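**Student:** Sequence first, predicted coordinates after that:
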Amino acid sequence: MDPAVLKAMVKWPSVPSVYGWLALDRRGTWTIKGEPIGNPAVAAFIGRNYARDEAGRYYFQNGPQRVFVSLAYAPFVLHVQPQPHGAALLTHIGSGVPDCSEAFVDEDGNLLIAFGRGVGLVCDRDLADMVQRLRKADGAMPTDEQLEALATGTDLPGGAFLDLGWTRLPLRTIRSVEVAGRFGFNRDPRPAPGEPEC
């Protein structure tokens, strides 16, 4: 977090939190009350001060105040950076993703990648590139029928993986309603009964 934010937290420790204003859409854009934040400096400030609490709620620490984030799908959105021998991943807040562990496809064909800070949804604009990196256990590309089976929740016989060049991630299916529970986050934080809020 920014040093000024940390100082403000110490100076004013009991500022009520904000709920229902800030959201993260499926392409990694911050919105306030449904309106995209177009100022790159503001978006970068939010990203630098984006964190998770012990209850799995993601928030933006705005000085002394926590602004909880409603998530359209996942707490991170991943963008693909093609490389000569693979693909690098970058989060919507600009951090690299060097510690990927697994990949998942949901029933709607969304691709998710688990990594050290949680789980990220691959931006739909980058899916075409990632589909080219899907492989069956024997290294061959899945057929159209097998890709369709994955997108409807059927694991491939023998398994599959996502080949990023520098790592191969086991690929499994998951239902979208299971994602938040599996990765321990709250998509839509709300205040506790009696909790003051702004």
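**Tutor:** Ah, there it is. Numbering: from 1, shown residues only.

**Student:** How about Val77, nearest residue that isn't a chain neighbour?
**Tutor:** Nearest residue to Val77 in three dimensions, chain neighbours excluded: Gly28, at 3.3 Å (Cβ to Cβ, 6 or more residues apart in numbering). Bear in mind the C-beta positions are built from the backbone N, C-alpha and C, glycine included.

**Student:** For burial, what's the neighbour tally of that neighbour?
**Tutor:** 21 (other Cβ atoms under 10 Å).

**Student:** wait, it sits on Asp124?
**Tutor:** No - the pair Gly28 / Asp124 is not scored as a contact, 10.6 Å apart, by Cβ atoms under 8 Å.

**Student:** Confirm that Leu150 lies within a helix, as I assumed.
**Tutor:** Yes - counting by DSSP: H, G, I helix; E, B strand; the rest coil, Leu150 falls inside a helix.

**Student:** Tell me how many other residues crowd Ala160.
**Tutor:** Using other Cβ under 10 Å, Ala160 has 23 other residues around it.

**Student:** From Arg66, how far out is the nearest residue to it once chain neighbours are set aside?
**Tutor:** Distances taken as Cβ to Cβ, 6+ apart place Leu171 nearest to Ala160, at 4.3 Å, with adjacent residues excluded. According to Cβ to Cβ, to the nearest Å, Leu171 stands 35 Å off from Arg66.

**Student:** Check Pro36 too.
**Tutor:** Using Cβ to Cβ, one gets 22 Å for the distance from Pro36 to Arg66.

**Student:** With neighbour numbers in mind, choose between these two.
**Tutor:** Arg66 (21 against 13).

**Student:** hang on, the more buried one in a helix?
**Tutor:** No - secondary structure of Arg66 (three-state DSSP): strand, not part of a helix.

**Student:** Just confirm it contacts Tyr59, I think it does.
**Tutor:** Yes - contact criterion Cβ under 8 Å: Arg66 and Tyr59 qualify, at 4.5 Å.

**Student:** can you give me the strands for this structure?
**Tutor:** Taking DSSP state E as the criterion, the chain carries its strands at 18-24, 30-32, 35-36, 50-52, 58-62, 65-71, 76-83, 86-91, 102-105, 111-115, 118-122, 134-136, 160-163, 168-173.

**Student:** How is the chain partitioned into domains?
**Tutor:** Annotated domains of the chain cover 3-71, 76-180 [automatic domain parsing].

**Student:** quick one: Arg52 from Pro189, how far?
**Tutor:** Separation of Arg52 from Pro189 (Cβ to Cβ) stands at 11 Å.

**Student:** Let me fix that, I meant to ask about Asp144.
**Tutor:** Counting by Cβ to Cβ, the gap from Asp144 to Pro189 is 40 Å.

**Student:** More neighbours: the two, which one.
**Tutor:** Using other Cβ under 10 Å as the criterion, Asp144 and Pro189 rank with Pro189 on top: 21 against 8.
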